[in-house]
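>>> kindly generate the corresponding structure for this input.
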Amino acid sequence: MCVNHAPEGFALDSARQSHPREAEIDANEPILVAAEGCPVEAIVITLAGSGEAVFPPEE
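Numbers count the residues shown, from 1 in each chain. Have a look, this model is predicted:
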């Protein structure tokens, strides 16, 4: 699903598993939508400088 939401940020490998295209990418709207819609909650977004969690939100 994340490849459909943000093809510039994610790609499928030969096993059809999604991976980020780059180690660090801008968390633009499509990337955030992909993270929020990930069925296995595998996408974690942090600030590059501090490592502070952006998504998922800390409870």
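
>>> longest helix in the chain, by residue count?
helix 29-37 (DSSP state H).

>>> check which helices and strands it is in contact with.
In terms of contacts (3 or more Cβ pairs under 8 Å, 6 or more residues apart in numbering; DSSP states H and E), helix 29-37 is packed against helix 2-5, strand 45-46, strand 53-55. In short, each C-beta sits where N, CA and C put it, glycine included.

>>> export the ones you listed to CSV and tack on distance to residue 14, mean neighbour count and mean pLDDT?
Output for those, formatted as CSV (distance: least, Cβ to Cβ, whole Å; neighbours: other Cβ atoms under 10 Å; pLDDT from 0 to 100):
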stretch, distance to residue 14, mean neighbour count, mean pLDDT
helix 2-5, 14, 17, 90
strand 45-46, 26, 14, 89
strand 53-55, 28, 14, 87
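
>>> which regions of this structure sit below the pLDDT cut-off?
59 (pLDDT under 70).

>>> that older thread, out of the helices and strands packed on helix 29-37, nearest to residue 16?
When the helices and strands packed on helix 29-37 are compared by Cβ to Cβ, helix 2-5 sits nearest residue 16, at 9.5 Å.
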